[in-house]
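Peer 1: Quick one, fold the following:
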Amino acid sequence: MKLFRTEIIPQQTCPERLSWQNSFISLGSCFADKSSKLLQKSGVKVYSNPTGVLYNPQSIADLINNSLEGKVWSKNECVIHEKREVFPFIQGTQSDPIRFINDTQTELLEQINNADVLLVTFGTAWAYRLLANNEVVANCHKLPSQLFKRQMLDIDSISQTWNQTILKLQENKPQLKIIFTVSPVRHLRDDFRENQISKSTLHLAIEKLVKHNENCCYFPAYEIMMDELRDYRFYTADMAHPSDEATTYILDKFINSSFDITSEKYFLEVTKISSMFEHKLLNPESEDSHKFLLSRQKKTQDFLKKYPSSLLAVNV
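Peer 2: Residues are numbered from 1 along each chain as shown. Reported below is the predicted structural model:
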């Protein structure tokens, strides 16, 4: 028994284990971005949130569906406020948002066609609808609140939307694996109770999706954070977002429960190489430092020869 800790050991995520050589797409909350960056740092091919962070299930599904269907946006779909054009269906601001979203959807479609795994992280079931067209937006961009209606997406609407999205994805790429997770980030602006109701809604919707679709799986990132890493030392200063240490720990759990043995060995070797580049030399001009640099260079070259398709960014 481990004192003061309830360890969660996830079951195998998918029936077929993943490979580090797979191509991944990651869409969803800021936790999706943070974990994707860690995979990218390990040399894995990950395409993450091309239009910015997407928190609610409807916005994520809309981006995928619009890409698959080749939707073409026009300036008429911008919101004009105080002589500025605002496009609330993307997270950030762009100088030409319509051109950006149309180009990004084309790019995402290409990525979907070449992807092996789609990682989907739901952040919240709370969403905002633009009253002008009743569409769920990705971000309100500080527009007046009277332009929107805040609502909780219900279990049935989420599962219905995503069942249709999964069907379209299967028609486009039958072998695509879809892994859902619920972001462990607490949305405390929604109030503590509303956050809990929101997360519960997401869990129940995903449960329906996983049961109904053979190519869909679930990874318990939320449970690991809430039950195993429940101490506030695993949070950032806002006490809502997982720290870097916590994110790395959860990702390690994901690798152990989802990837094949060859990949696990690959990630171990990546960790060793990366730690060598993070090592700070106290005296760069010393003979010991020179030997260390030569050793690091040789080990890196050997690694890249062994794994030529790795995207690990190191200076050989």
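Peer 1: what's the spacing between the helix or strand of the chain with the lowest mean pLDDT and its chain's center?
Peer 2: Lowest on mean pLDDT, DSSP states H and E among the helices and strands of the chain sits strand 84-86, with a mean of 86. Chain-centre distance of strand 84-86: 28 Å, with CA atoms, centre = their mean, to the nearest Å.
Peer 1: Packing partners of the next helix or strand after that strand?
Peer 2: Next helix or strand after strand 84-86 toward the C-terminus (DSSP states H and E): helix 97-114. Contact here means 3 or more CB pairs under 8 Å, 6 or more residues apart in numbering; DSSP states H and E; on that basis helix 97-114 packs against strand 23-28, helix 57-69, helix 155-172. Where C-beta positions appear, they are placed from N, C-alpha and C, glycine not excepted.
Peer 1: ok, and what's touching helix 97-114?
Peer 2: Helix 97-114 has contacts (CB atoms under 8 Å, 6 or more residues apart in numbering) with 23, 25, 47, 50-51, 63-64, 66-68, 70-75, 77-78, 85, 87, 89-90, 94, 118, 169, 172-173, 176.
Peer 1: Repeat that for stretch 266-281.
Peer 2: Here stretch 266-281 has contacts from 20, 41-43, 255, 259, 289, 292-293, 296, 299-300, 303, 306-307, 310, 312, 314-315, using CB under 8 Å, 6+ apart.
Peer 1: count of neighbours near H81?
Peer 2: Look at H81: counted by other CB atoms under 10 Å, it has 13 neighbours.
Peer 1: Spit out the contact partners of it.
Peer 2: Contacts of H81 by CB under 8 Å, 6+ apart are 143-144, 147.
Peer 1: What's opposite it in the beta bridge?
Peer 2: H81 has the following beta-bridge partners by DSSP bridges: R84.
Peer 1: Show me where this structure has its strands.
Peer 2: Remark: strands assigned in the chain by DSSP state E are 23-28, 45-48, 79-81, 84-86, 117-122, 126-130, 135-136, 148-152, 177-182, 216-218.
Peer 1: got these as a markdown table, with distance to D103 columns?
Peer 2: Putting the strands of the chain into a markdown table (distance: least, CB to CB, whole Å) gives the following:
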| stretch | distance to D103 |
| --- | --- |
| strand 23-28 | 17 |
| strand 45-48 | 14 |
| strand 79-81 | 21 |
| strand 84-86 | 17 |
| strand 117-122 | 20 |
| strand 126-130 | 22 |
| strand 135-136 | 20 |
| strand 148-152 | 27 |
| strand 177-182 | 25 |
| strand 216-218 | 29 |
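Peer 1: right, and those strands - which one's nearest E207?
Peer 2: Among those, strand 216-218 comes nearest to E207, with 7.7 Å by CB to CB.
Peer 1: Parallel or antiparallel, which strands does that closest one pair with?
Peer 2: strand 177-182 (parallel).
Peer 1: residues of the strand it pairs with that come out buried?
Peer 2: 177-182 (16 or more other CB atoms under 10 Å).
Peer 1: Of the residues you listed, which pair is most distant in space?
Peer 2: Largest pairwise distance in the buried residues of strand 177-182, by CB to CB, is 17.9 Å, between K177 and V182.
Peer 1: Make a ChimeraX selection of the buried ones in the contacts of helix 97-114.
Peer 2: Selecting only the buried entries of these in ChimeraX, with 16+ other CB under 10 Å as the criterion:
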select :25,47,50,51,63,64,66,67,68,73,77,78,87,89,90,118,169,173,176
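Peer 1: gap between the two ends of stretch 110-120?
Peer 2: End-to-end distance for stretch 110-120, by CA to CA, to the nearest Å: 18 Å.
Peer 1: Can you give me the buried ones in it?
Peer 2: Result for stretch 110-120 [16+ other CB under 10 Å]: buried residues 111-112, 115-120.
Peer 1: Include pLDDT when you put the residues you listed into CSV, please.
Peer 2: Conversion of the buried residues of stretch 110-120 to CSV gives the following (pLDDT from 0 to 100):
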residue, pLDDT
Q111, 97
I112, 97
A115, 97
D116, 98
V117, 98
L118, 98
L119, 98
V120, 98
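Peer 1: Out of those, flag the one nearest to T247.
Peer 2: L119 (13.9 Å).
Peer 1: Kindly state the beta-bridge partners for the closest one.
Peer 2: S26, I179.
Peer 1: Quick one: residues contacting it.
Peer 2: Taking CB under 8 Å, 6+ apart as the test, what L119 contacts is 24-28, 32, 36, 179, 181.
Peer 1: Could I get those in a markdown table, plus columns for distance to P284?
Peer 2: Compiled in a markdown table, the contacts of L119 are given as follows (distance: CB to CB, whole Å):
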| residue | distance to P284 |
| --- | --- |
| F24 | 37 |
| I25 | 41 |
| S26 | 37 |
| L27 | 42 |
| G28 | 42 |
| A32 | 38 |
| S36 | 33 |
| I179 | 43 |
| T181 | 42 |
